[in-house]
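Visitor: For reference, the sequence and a predicted model appear below.
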Amino acid sequence: MGQEEEQAEGGRCVTGRLAPSRQVSSGQLGHTGTGCSMADPAQTQELVYLVTGGCGFLGEHVVQMLLRREPRLRELRVFDLHLSPWLEKLDAGPVRVTAIQGDVTQAHEVEAAVAGAHVVIHMAGLVDVFGRASSETIHMVNVEGTRNVIEACVRWGTRFLVYTSSMEVVGPNTKGHPFYRGNEDTPYEAVHAHPYPCSKALAERLVLEANGREVRGGLPLVTCALRPTGIYGEGHQIMRDFYRQGLRLGSRLFRVVPASVEHGRVYVGNVAWMHVLAAQELERREGLMGGQVYFCYDSSPYKSYEDFNMEFLGPCGVRLVGTRPVVPSWLLVLLAALNALLQWLLRPLLLYAPLLNPYTLAMAKTTFTVSTTKAQQHFGYEPLFSWEESRRRTIRWVQATEG
Ligand SMILES: NC(=O)C1=CN([C@@H]2O[C@H](COP(=O)(O)OP(=O)(O)OC[C@H]3O[C@@H](n4cnc5c(N)ncnc54)[C@H](O)[C@@H]3O)[C@@H](O)[C@H]2O)C=CC1
Ligand SMILES: C[C@H](CCCC(C)(C)O)[C@H]1CC[C@H]2[C@@H]3[C@H](O)CC4=CC(=O)CC[C@]4(C)[C@H]3CC[C@]12C
């Protein structure tokens, strides 16, 4: 198992919004040392990568991972609706980092960012299961945004596209059927009603169907989709919310779903590593990997959502009250429905978006775990971070969030 270096500091980054018809304008980072970069000077640095959604929770880890683990990187374009301040502190070594503020729903902005890129990792999206955004907005960003990325690849001759999909493309379904230690071939009735899983399923289909399309220059586009289960780790907003809630409730949280319901969870560093590896290997193994889906997995234990969170919140002083749910199931269903009603009633006045709603309750109550080795077999993926290391890093981050 790898022991990744701490995040690098230093260097500077030129940021700027692209003019619609211009190609990417970029700034050369100061060459202030190699930092964490794994770049081997003997290897030619020729590749241009684009990461959409590169300033999000997962995106930040992917950007850092690419800088450390892709020695052929010449330029890294980070495309996001909101650029983060940490971009300015990146130590990119000899790699040029170009920050692009842009919107995936705007085809011309996507085109300008893709032009000249060899590989695109597309993870920009609206991750919303709490009713913050309308279903139309979710569709526009997640589906039409993905369509724009594909069309831009075709137009500019970009051959390799890795899409961040989700376990939600499969389930849990609206009937609450368990998916127990399933793999990519396990039969499951995938029925979606919520806008988020619907959008991820549609976008994933677009990406997989685009595999083999002829891009500018006559060569085929090679695509694959990675399906993380619930990601955790440094930067995970929902974990932070639970921690704050626990502190507000006197360092306690109350068990609301049975401990027997298991959830697949995966460490953000391993999801990032899997993206980098998939992107690197697509070229060499296009026949095998093109058009394929892969669950993201590692050695994190199977537990209920609440028990899993306690692996990190427990050492930070929060305890989980109850070996069984402290609230009867019917009452929880009622509260979730009440929250949905309140959200609807209050919408003209304010945004009411609590963690509990009928959809999140259904998710929390349904077992969904994966057990697969497909990524290992197809492109040699092994988790970079052990469970112990993932846990240690996450605890340290939770402790620091309230510090
Ligand atoms: N967080 C999780 O547990 C899981 C996430 N995923 C997927 O991973 C990807 C990344 O998710 P997270 O990092 O968790 O979410 P995030 O919300 O932290 O990151 C998404 C990024 O996309 C950007 N973005 C949103 N709309 C955009 C637009 N119109 N144009 C350009 N950029 C835009 C956001 O500014 C943000 O930086 C998403 O595609 C999500 O569906 C999949 C499975 C699990
Ligand atoms: C917020 C839920 C837990 C709270 C339940 C309550 C209020 C009863 O205590 C989370 C339970 C399962 C989570 C989802 C799951 O990990 C899969 C996901 C995949 C994605 O692609 C995006 C995130 C998410 C939908 C994740 C969101 C939070 C939960 C619903």
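Guide: It's in. Since the model is a prediction, treat every value here as computed from it, not as a measurement. Ligands and ions are numbered 1, 2, ... in the order given.

Visitor: where exactly do the strands run in the stretch 1-150 of the chain?
Guide: Here the stretch 1-150 of the chain has its strands, by DSSP state E, counting those that start in this stretch, at 14-17, 47-52, 73-80, 96-101, 119-122.

Visitor: Now tabulate those in CSV and tack on distance to P325 and mean pLDDT.
Guide: Every C-beta, even on glycine, is put in place using the N, C-alpha and C of the backbone. As requested, those are arranged in CSV below (distance: least, C-beta to C-beta, whole Å; pLDDT from 0 to 100):
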stretch, distance to P325, mean pLDDT
strand 14-17, 47, 35
strand 47-52, 40, 98
strand 73-80, 39, 97
strand 96-101, 45, 96
strand 119-122, 39, 98
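
Visitor: Include mean neighbour count and distance to E109 when you put these into CSV, please.
Guide: Below are the strands of the stretch 1-150 of the chain laid out as CSV (neighbours: other C-beta atoms under 10 Å; distance: least, C-beta to C-beta, whole Å):
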stretch, mean neighbour count, distance to E109
strand 14-17, 14, 8
strand 47-52, 26, 10
strand 73-80, 24, 8
strand 96-101, 22, 8
strand 119-122, 28, 14
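
Visitor: residues near L219, how many?
Guide: 11 (other C-beta atoms under 10 Å).

Visitor: now G235: how far from H61?
Guide: 8 Å (C-beta to C-beta, to the nearest Å).

Visitor: ok, those two, which is more surrounded?
Guide: Neighbour count, other C-beta under 10 Å: between G235 and H61, H61 has more, with 26 against 18.

Visitor: Tell me the bridge partners for whichever residue of the stretch 151-300 of the chain sits closest to ligand 2.
Guide: Closest residue of the stretch 151-300 of the chain to ligand 2, C-beta to the nearest ligand atom: G230 (2.5 Å). Residues in a beta bridge with G230, per DSSP bridges, are R265.

Visitor: any common contacting residues for G235 and H61?
Guide: V268 (C-beta atoms under 8 Å, 6 or more residues apart in numbering).

Visitor: wait, what's in contact with the residue of the stretch 151-300 of the chain closest to ligand 2?
Guide: Per C-beta under 8 Å, 6+ apart, neighbours of G230: M167, H263, G264, R265, V266, Y305.

Visitor: Verify the contact between L76 and Y49 for me.
Guide: Yes. Between L76 and Y49 a contact is recorded at 5.2 Å, counting by C-beta atoms under 8 Å.

Visitor: shared neighbours, the two?
Guide: Common neighbours of L76 and Y49 (C-beta under 8 Å, 6+ apart) are L66.

Visitor: ok, now how distant is the spatially closest residue to Q45 that is not a sequence neighbour from T98?
Guide: Spatially, and ignoring its direct neighbours in sequence, Q45 is nearest to R74 (4.4 Å; C-beta to C-beta, 6 or more residues apart in numbering). Counting by C-beta to C-beta, the gap between R74 and T98 amounts to 11 Å.
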